[in-house]
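Undergrad: next comes the sequence, and after it the predicted model I'd like to discuss.
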There are 2 protein chains.
Amino acid sequence: MKYPHHLKLLIESLKKLPGVGSRTAERFAFEMLAWSADDLKKISRLLGELKNAVRFCPACGCLIEETDCQFCQEQRLKEKKVCVVSSFKSVLAIDSTGLFKGAYHVLNHLLSPLRGQGPDTLGIERLLERIETLQFQEVVLAFDSTLEGDATALYLKRELESTGVKVLRLATGIPMGSSLDLIDQATLSKALMGRSQV
Amino acid sequence: MKYPHHLKLLIESLKKLPGVGSRTAERFAFEMLAWSADDLKKISRLLGELKNAVRFCPACGCLIEETDCQFCQEQRLKEKKVCVVSSFKSVLAIDSTGLFKGAYHVLNHLLSPLRGQGPDTLGIERLLERIETLQFQEVVLAFDSTLEGDATALYLKRELESTGVKVLRLATGIPMGSSLDLIDQATLSKALMGRSQV
């Protein structure tokens, strides 16, 4: 034999997690064998009820706990600004700065042709609709500073042109607290190009 | 808010996996949010039934799928040899070489004072009992070549002395296919000390 059938199925399931290969999945499964029955019941229940317990706001795509989306409140919408991100985690990061009081819009993903994620599934219609109905004046694109993030920002800028809305991006430059010697050349170039008066 | 309560609980559960910190657990949880309802149901069921579906042989500690332990069969026991390992994975690895036909004995863990794993919980009484009742003549200690593995081997050797059984260890030396230049000094020293006639 190799592993018992049940364990094999569990390993297969765990392998679907990001960055988890056969070895890690095996390690996880064996570790779980040693968990208490209570712990196993708990995670089993959490996973079984996940889809019902945690939902996404149909308008902005943020996670909703109760019934109302806290990021779609009147007070946020009347700022007439929307920050477009690629995941709900970005919403939490940006919101914790306290510097953006407007609404958010979570795209389904970034543009990534290599992973088969094209513009059709981005969820841009939903964004265009909201810009029109909610009369947003300003769109802030807040994506990872990667090839995918840049491509998505460029694509969105072009698509949003017709709406007449102001499209902004997060500033690129030297991160706070870092030493100039250790900054990569691309970042330094961007920081130089974006130099501003003191 | 931070994350919804349900998601927070799931992240806490996932953090119990080996080598998984807050960041990775969050990544896993968000990935699982995107899984299909079927996939979630499947893993939920597998985890809920894990304790019942996969059991350990009360005698040797190997995983049992059906009712009988395949490593406790008559034919293996009559070899009068037992290979002591620290996890069932080692059993599979050793068994796949086809060079050991005897019985196995899986300890609960290796000796590791730093993790609070002392000799009391090793499961050595079970081993002594089996040596006596099954009249094993030879015990092969097959542990990781680490501090914990070495300590456990030394401890077992001393404990087994009174039984009069022959206690052997796996050979330490240069792994097959490796270049001498790249071997660490400790391994090379062991290989030299254990040199044998061609």
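TA: Perfect, I can see it now.

Undergrad: for the residue nearest to the spatial centre of chain A, give me phi and psi.
TA: By C-alpha atoms, centre = their mean, the mean C-alpha position of chain A lies nearest to A:Ser87, the distance being 1.2 Å. Its backbone dihedrals place A:Ser87 at phi -150, psi 160, with angles given as degrees, to the nearest 10.

Undergrad: I'd say A:Lys166 and A:Gln137 touch.
TA: Yes: counting by C-beta atoms under 8 Å, A:Lys166 does reach A:Gln137; the two are 6.3 Å apart. For every residue, glycine as well, the C-beta is placed using N, CA and C.

Undergrad: what distance do you get for A:Lys41 to chain B?
TA: 6 Å (C-beta to the nearest C-beta, to the nearest Å).

Undergrad: my guess is that residue meets B:Leu50, correct?
TA: No: using C-beta under 8 Å, A:Lys41 makes no contact with B:Leu50, being 9.9 Å away.

Undergrad: that older thread, hey, what's the closest residue to the residue nearest to the centre of chain A other than its chain neighbours bridged with?
TA: Closest residue to A:Ser87 apart from its sequence neighbours, by C-beta to C-beta, 6 or more residues apart in numbering or on different chains: A:Val106 at 6.6 Å. Beta-bridge pairing of A:Val106 under DSSP bridges involves A:Val85.

Undergrad: what helices and strands are in contact with the helix of greatest length in chain A?
TA: Using DSSP state H to define each element, chain A has its longest helix at helix A:147-160. When contacts are defined as 3 or more C-beta pairs under 8 Å, 6 or more residues apart in numbering or on different chains; DSSP states H and E, helix A:147-160 sits against helix A:124-134, strand A:138-141, strand A:166-169.

Undergrad: can you do 6 Å?
TA: The contact analysis (3 or more C-beta pairs under 6 Å, 6 or more residues apart in numbering or on different chains; DSSP states H and E) places helix A:147-160 against strand A:166-169.

Undergrad: residue ranges of the helices in chain A, please?
TA: For chain A, applying DSSP H gives helices covering A:5-14, A:22-33, A:37-48, A:50-53, A:74-77, A:88-97, A:124-134, A:147-160, A:185-193.

Undergrad: mean neighbour count added to these, as TSV?
TA: Shown next, in TSV, are these (neighbours: other C-beta atoms under 10 Å in any protein chain shown):
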stretch	mean neighbour count
helix A:5-14	19
helix A:22-33	18
helix A:37-48	18
helix A:50-53	15
helix A:74-77	13
helix A:88-97	15
helix A:124-134	15
helix A:147-160	17
helix A:185-193	12
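
Undergrad: so where's chain A uncertain?
TA: Scanning chain A for pLDDT under 70 picks out the ranges A:1.

Undergrad: next to chain B, which bits of it? Give me the list.
TA: Chain A has residues A:4, A:6-7, A:9-10, A:13, A:17-18, A:27-28, A:31, A:37, A:40, A:43-44, A:46-48, A:50-51, A:53-54, A:63, A:65 near chain B, with proximity defined as C-beta under 6 Å from any C-beta of the partner chain.
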